[in-house]
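Asker: Sequence below, structure please.
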Amino acid sequence: MKRIENWRRTVARTFKGHVPGQVIIQITDRCNASCPQCGMHKEARFARATLADDDIRRIIDYAGKHSVQAMSFTGGEPLLMLDTLADLLRHAGSAGIRYLRTGTNGFFFRNPEAPDFLDRVKRVAHTLANTPLRNLWISLDSALPEVHEQMRGFSGIMRGIERALPIFHDAGIYPAANLGMSRMLHGNATLDLTPAQFSSRREYLEAFHDAFSTGLRTFYDNAIELGFTMSNVCYPMSIDRDSSSNGLEAVYEAAAENRIVAFDREEKGALFRALLDVVPEYRAKIRIFTPCASLYALRQYYEHGIKTQYPCRGGYDFFFISAQDGDTYPCGYRGTRNLGKFWGLRETLLDPEPLCTMCDWECFRDPSELIGPLSDLVRRPWRVTWYMLQDPVYPRLWLRDLRYFRACQYFDGRTAPDHRRMAPFIPGTGKSSSLDTLALQTRAGLAVSNSKAMLTRSIYHKILIAIISSISELII
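Answerer: Down below sits the predicted model:
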């Protein structure tokens, strides 16, 4: 009954311009890892905080009554509170919240040769399996095992992950490899690149693109070899000291001023171009949540200054709750906008519509990019039609993302991948060949001028068909 009632509320909100809500709850900022790219690493000096269980339950209850369909429990390290986390997941499930997620730095995968290793891992796997958890991510910082272990301060963890994944799979949980993008992606090959090594800026950016492309391929190859069946990419987040002047101020300390996560505008353009090149190569081999439409929009912004038509829905449909004060923020990086307690959230405090493009936090930006055209087609079909007429690449990438998400069972982390359904997404086969040609044309700067002629009525019909087939999963 709760799910049916949530569906009714969701449909009503959709016609008012809203989409199913998402809430990220930082249940603690305690952590036992040493990651240099994160402000919450164990050596960081600040007063640690953990949200009270009763407050979290109150947040969950309010969320369940107000069309929130996705909830993530993050940290710090959430699995330091394993039993409490399991209780909260069960409570969220009983509140009718369908998409429940959490993640880990993988600390319990250390010392895989220890006598208690299997018992340790089985306890975690079975505890989580006995909840309605849908997705578990394991954070990885580099394509190179030794670099990741050094950054986290966890020796032997990669071998531990390899031994542990079959245990999780047997328990019915298929964890995702969550890559935190940084200059450490491929060790010194990406860290040591500087403009001073090249005769021109253009030459440097091409070398940058090529090095990160190689690093991404190594990462996906290694993730598959380890036994992962799903993956995601966290885009680099760095907050400058003077960023409060443009509205950014991190309340979620998973950001840093460290060079390894600081990229200038042109480097970001080359980075998103590398992702857009490499992600499609692996879509038939491993379920990759990272949507190409979002990568394309970010690449267009950083390389060509073209802003997306679908800004972040943080502060409108998506919200972040901080462990430090228990208050609500539009996201983890708009700390100047304290919206108060989630259960007292007032509509007058919210953004009048999705407006923000100030950061690249994929937790909110990726779903905003995917859902934006769906929301427009319900309320403002002329707008989405106009936008897609301007650029022939974006709608094809977006439609392909929808088809791919469906082939991946909408990234259900409680089911094994269906490689038969993923097979059509091998690059250069079937419907992908025309898309690949378009992408190549765009990278060469040849596509925009004749865009209107290329987007025919049949493309618009395909959009409608894709929505009809996908709406139940994206909305309900």
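Asker: Now name the helix or strand holding residue 71.
Answerer: Element membership for residue 71 (DSSP states H and E) is strand 68-74.
Asker: Any idea how many residues pack against the nearest residue to residue 362 once chain neighbours are set aside?
Answerer: Setting aside the residues directly before and after it, residue 362 is nearest to residue 235 in space (CB to CB, 6 or more residues apart in numbering), at 5.0 Å. Quick note: C-beta positions are derived from backbone N, CA and C, even for glycine. Residues lying near residue 235 (other CB atoms under 10 Å) number 24.
Asker: residue contacts, residue 235?
Answerer: 181, 298, 360, 361, 362, 365 (CB atoms under 8 Å, 6 or more residues apart in numbering).
Asker: And for residue 316?
Answerer: 18, 330, 350, 351, 353, 354.
Asker: From residue 225, how far off is it?
Answerer: Using CB to CB, to the nearest Å, residue 316 is found at 41 Å from residue 225.
Asker: ok so, going back, can you list the contacts of residue 316 in JSON lines and add secondary structure?
Answerer: Shown next, in JSON lines, are those (DSSP: H, G, I helix; E, B strand; the rest coil):
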{"residue": "18", "secondary structure": "coil"}
{"residue": "330", "secondary structure": "coil"}
{"residue": "350", "secondary structure": "coil"}
{"residue": "351", "secondary structure": "coil"}
{"residue": "353", "secondary structure": "coil"}
{"residue": "354", "secondary structure": "coil"}
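Asker: Mark which of the residues you listed are buried, thanks.
Answerer: For the contacts of residue 316, a burial check counting by 16 or more other CB atoms under 10 Å picks out 18, 330, 350, 351, 354.
Asker: quick revisit: can you list which of the contacts of residue 235 are found in helices?
Answerer: Taking DSSP state H, the ones among the contacts of residue 235 that sit in helices are 298, 362, 365.
Asker: Measure how buried the first one is and give me the count.
Answerer: Translated: residue 298. 25.
Asker: do the last one as well
Answerer: Applying other CB under 10 Å, we find 26 residues neighbouring residue 365.
Asker: quick one: which of the ones in helices among the contacts of residue 235 is nearest residue 176?
Answerer: Nearest to residue 176 out of these is residue 362 (CB to CB; 12.8 Å).
Asker: what about the closest one, distance to residue 56?
Answerer: Per CB to CB, residue 362 is found 24 Å from residue 56.
Asker: again with residue 136
Answerer: Taking CB to CB, one finds residue 136 at 19 Å from residue 56.
Asker: Then residue 27?
Answerer: Distance of residue 27 to residue 56, given as CB to CB: 6 Å.
Asker: Show me the common contact partners of those two, please.
Answerer: With CB under 8 Å, 6+ apart as the test, residue 27 and residue 56 both reach residue 88.
Asker: Three-state assignment for residue 385, please.
Answerer: With three-state DSSP as the basis, residue 385 sits in helix.
Asker: burial count for it?
Answerer: Neighbours of residue 385 (other CB under 10 Å): 16.
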